[in-house]
Each structure stands twice: as C-alpha cells, then as structure tokens.
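Undergrad: Got a predicted model here, sequence first, then my questions.
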Amino acid sequence: MRAALFNQRSLLQWRRMATEELYRIVPTSSFCTEENEDDGFQSNSSKVKIFDRHLKRKQRDRAAWLMGPNDSFVDAVAENILDRLEDCRKSFPTALCLGGSMEAVRRLLRGRGGIEKFIMMDTSYDMVKLCRASHKDAENENIETSFVVGDEEFLPIKESSVDLVISCLGLHWTNDLPGAMIQCKLALKPDGLFLAAILGGESLKELRIACTVAQMEREGGISPRVSPLAQVRDAGNLLTRAGFTLPGVDVDEYVVKYKSALDLIEHLRAMGETNALLQRNKMLSRETALATAAIYDSMFAADDGTIPATFQVIYMTGWREHPSQQKAKRRGSATISFQDIQKQFGSKS
C-alpha cells in the first residue's frame with residue numbers, strides 16, 4: 001500500500017511539473033492589522049507569526065490523500081453553514097470558498113444560494129486537485145467552477161468581485177485572522193455575505209488534558225501540543241473589527257466518539273487539523289504518546305469502550321455595508337420611555 005502511494009505521489013509530482021501553468025499561487029498585496037511603516041499593506045508575510053503556514057500546506061497535502069469520501073463531522077459543519085443560505089431571500093451569483101472543508105461544501109451545496117459561479121481556493125495543490133477530480137461526480141454541474149491555489153492571508157481576489165465568501169474550518173489557521181477577514185470583506189460586493197466556521201477554544205479539551213498530564217509525568221514539563229484557538233467572546237469583536245455589518249455569532253458543540261486516541265489522531269490528520277505551531281516541540285517520545293493514550297482512555301472512556309472528543313465550532317455571519325441594510329437608530333431618538341412600558345405592562349403581571 002505504501003509503495004503504491006509512493007508511486008502515485010511521484011507521478012503527481014511529475015504531472016505537477018508538466019502542468020505548472022494550470023495552477024499558480026497568485027502574488028498579491030495583503031492587508032495586515034499590524035502597524036506598517038508604509039501604508040498597512042505588505043507583499044511578503046504577516047508580522048504576526050503563530051502558525052507555520054508552510055507546514056500547514058504540507059498537512060493539507062497529506063489530508064488530500066487520507067481524506068475519506070464522507071466525514072460525518074465535517075459534513076455536519078458544512079451542512080450547518082450552508083443552511084444559512086436558505087434563510088436569505090437574495091441570491092449570490094458569484095461565490096468564493098476558502099480552504100478547510102471546501103470539498104464537503106461543494107458536495108452539499110445542492111443549488112442553495114442561487115450560485116452560478118463557484119471559486120474554490122486552497123493553499124494545497126493536492127487538495128485543489130482532489131476537488132477538481134471529484135467535481136465531475138458532483139450534483140452541481142450547472143455551476144461554473146474555478147479552482148485556485150492561493151493563501152487566505154494574501155487573498156488573490158479582486159476587490160468587490162464576489163457576492164458570497166464561505167470558509168468552513170479553515171480560517172483558524174491564519175496568522176492574522178482579523179487581517180484575513182478584512183480581505184474577505186474587501187473581496188465582497190456591497191451587500192455581500194460572509195459565512196465562516198472556525199474551531200473554538202473548547203475544542204479537543206480532552207486531548208489537551210491528557211497531553212498535559214502525560215507530559216508532566218514523563219517529561220517533567222509541558223509544551224504546546226494543541227494549537228490555540230479563538231474564544232466565543234472574541235468572534236463578535238473579530239467581525240466588528242473587520243468592518244462587517246449585522247454581525248452574528250453562534251456556537252455548536254459536536255462530540256465525536258472514537259475507538260481509541262490513535263483513531264482520533266488519524267482523523268485529525270485526515271482533516272489536516274494537526275499541530276502547526278511555530279513554537280511546537282517537533283519530537284514526541286513514544287513513552288509520552290502511549291501515556292497520553294492511556295490517560296485519555298482512563299479519564300474519558302465511555303461505558304461502551306469508546307472515547308469522546310469535543311469539537312466546538314463557532315459560526316460567524318457578516319455583511320458588507322450597503323444603504324439598504326438595517327441600521328440602528330440614533331442614540332436618544334426613542335419616543336417611548338421604558339418606565340411607561342413598565343407601568344403599562346408591569347402592573348398586569
């Protein structure tokens with residue numbers, strides 16, 4: 001199996017060299033929220049360095065080979081985020097789908113949102129190639145689909161060119177999340193919609209505890225094994241900071257059961273969600289790994305022998321400003337006093 005996989009990999013690399021002109025990472029300027037000596041725009045990289053983006057690209061390449069045909073957790077998140085399109089009366093002719101679980105989004109779209117042109121973008125060449133190969137079997141054959149290799153941190157999309165931006169489980173790996181969201185807003189047309197799902201800070205809390213206890217016992221200290229994630233209270237501030245109007249945030253928790261901790265790690269690899277911290281410890285001893293699995297099982301195992309893993313998903317919704325949108329009334333413009341309302345309705349209770 002490994003020999004066959006190696007041969008396929010070598011063939012893919014050869015084809016990549018032969019068809020290099022089909023896929024390009026488009027160089028572009030990027031807005032960064034950090035202060036810049038010039039004008040706030042830069043063409044190299046974000047000053048904020050938390051994640052190893054090169055490593056994350058390799059992990060996404062690996063996930064393209066490990067990914068199964070259907071993932072119940074990923075499909076549930078994609079279905080939840082696409083359900084929001086059914087609540088909108090308007091259509092979105094041009095849509096951009098960023099990284100993460102874009103294959104599930106494409107597969108589950110089923111005509112929602114009135115999308116006519118669909119742009120799929122990922123940092124991973126192999127992931128884009130996988131989506132393109134599976135596009136022939138999709139139910140959305142009437143949608144014009146384009147495939148782009150690009151980075152969310154340096155969005156290669158023209159300003160005010162798309163009606164909808166969808167990011168399903170991808171933006172939480174960006175070094176400058178506010179800057180990436182600002183670029184998404186700039187890519188939207190007026191009254192365009194931004195939909196995103198990111199993993200929240202309570203995700204994989206069982207694995208965090210097991211790793212911490214195992215490292216304290218075996219190594220006498222701890223090092224970051226699980227990447228830091230945004231908290232729920234930060235999501236609304238991110239939308240406001242990026243300049244979106246009518247922001248909305250809601251949270252879901254999914255508990256996925258696995259046979260063992262090793263199955264959990266394999267699932268994270270297949271999703272491309274393994275650790276990509278720059279300050280990570282690159283070596284994990286066998287003793288610590290086995291101790292983590294044993295502690296996980298002893299502390300969290302269910303009666304049926306399975307172990308749970310909690311995934312907290314934060315859904316964010318925002319619109320680019322438009323004169324037709326609802327606006328809050330000017331402060332002090334109210335014509336009815338709350339005291340009058342209390343006198344009128346409070347006496348009846």
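TA: Structure received.

Undergrad: CA atoms only for stretch 300-310, dumped as PDB, please.
TA: Coordinates of each C-alpha in stretch 300-310 appear next as PDB, following Å, rounded to 0.1, in the frame of the first residue of the first chain:
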ATOM      1  CA  PHE A 300     -12.700   9.900  29.500                       C
ATOM      2  CA  ALA A 301     -13.600   6.500  28.200                       C
ATOM      3  CA  ALA A 302     -17.400   5.700  28.000                       C
ATOM      4  CA  ASP A 303     -19.100   2.600  29.200                       C
ATOM      5  CA  ASP A 304     -19.100   1.100  25.600                       C
ATOM      6  CA  GLY A 305     -15.300   1.500  25.400                       C
ATOM      7  CA  THR A 306     -15.200   4.500  23.100                       C
ATOM      8  CA  ILE A 307     -13.500   7.800  23.900                       C
ATOM      9  CA  PRO A 308     -15.200  11.200  23.200                       C
ATOM     10  CA  ALA A 309     -13.600  14.200  21.600                       C
ATOM     11  CA  THR A 310     -15.300  17.600  21.800                       C
END
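
Undergrad: distance between the ends of stretch 159-171?
TA: 19 Å (Cα to Cα, to the nearest Å).

Undergrad: got it, and stretch 96-105?
TA: Start-to-end span of stretch 96-105 (Cα to Cα) is 11 Å.

Undergrad: what about the helices in this protein?
TA: Shown for the chain, the helices assigned by DSSP state H span residues 2-18, 53-66, 72-86, 102-108, 125-134, 177-187, 205-219, 232-242, 261-271, 286-300, 338-341.

Undergrad: Could you dump these into a markdown table with mean pLDDT added?
TA: Formatted as a markdown table, the helices of the chain follow (pLDDT from 0 to 100):
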| stretch | mean pLDDT |
| --- | --- |
| helix 2-18 | 41 |
| helix 53-66 | 93 |
| helix 72-86 | 95 |
| helix 102-108 | 91 |
| helix 125-134 | 90 |
| helix 177-187 | 95 |
| helix 205-219 | 91 |
| helix 232-242 | 92 |
| helix 261-271 | 94 |
| helix 286-300 | 92 |
| helix 338-341 | 82 |
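
Undergrad: Compare these and give me the one nearest residue 311.
TA: Between residue 311 and the helices of the chain, the tightest spacing by Cβ to Cβ is seen for helix 72-86, at 6.5 Å. No exception for glycine: its C-beta is placed from N, CA and C like everyone else's.

Undergrad: Quick check: buried residues in that closest one?
TA: Going by neighbour count (16 or more other Cβ atoms under 10 Å), the buried part of helix 72-86 is 73, 74, 76, 77, 78, 80, 81, 82, 84, 85.

Undergrad: Would you agree the fifth one is in contact with residue 108?
TA: In this case it means residue 78. Yes - here residue 78 reaches residue 108: they are 5.2 Å apart, a contact under Cβ atoms under 8 Å.

Undergrad: And for the nearest residue to residue 85 once chain neighbours are set aside, the neighbour number?
TA: The shortest distance from residue 85 to any non-neighbouring residue, by Cβ to Cβ, 6 or more residues apart in numbering, is to residue 113 (3.9 Å). For residue 113, the tally of surrounding residues (other Cβ atoms under 10 Å) stands at 23.

Undergrad: quick one, what contacts residue 113?
TA: Counting by Cβ atoms under 8 Å, 6 or more residues apart in numbering, residue 113 makes contact with 82, 85, 88, 91, 92, 95, 164.

Undergrad: can you tell me which of the residues you listed lies nearest to residue 204?
TA: residue 82 (24.5 Å).

Undergrad: my guess is that closest one contacts residue 109, does it?
TA: Yes - the criterion here is Cβ under 8 Å, and residue 82 meets it with residue 109 at 6.4 Å.

Undergrad: what's the spacing between residue 248 and residue 320?
TA: Going from residue 248 to residue 320 by Cβ to Cβ, to the nearest Å gives 14 Å.

Undergrad: ok, and what's touching stretch 127-135?
TA: 12, 23, 60-61, 63-64, 67, 99, 102-103, 106-107, 120-122, 145, 147-149, 272.

Undergrad: Quick one, which of those are buried?
TA: Buried subset of those (neighbour count, 16+ other Cβ under 10 Å): 60-61, 63-64, 67, 99, 102-103, 106-107, 120-122, 145, 147-149, 272.

Undergrad: Would you check how far apart residue 294 and residue 164 are?
TA: Noted for residue 294: a distance of 46 Å to residue 164, by Cβ to Cβ.

Undergrad: More neighbours: those two, which one.
TA: Between residue 294 and residue 164, counting by other Cβ under 10 Å, residue 164 is the more crowded of the two (24 against 13).

Undergrad: so the more buried one bridges to which residues?
TA: Beta-bridge pairing for residue 164 (DSSP bridges): residue 95, residue 193.

Undergrad: For residue 286, see how far away it is.
TA: As judged by Cβ to Cβ, residue 164 and residue 286 stand 47 Å apart.

Undergrad: what does residue 299 give?
TA: From residue 299 to residue 286 the distance is 20 Å (Cβ to Cβ).
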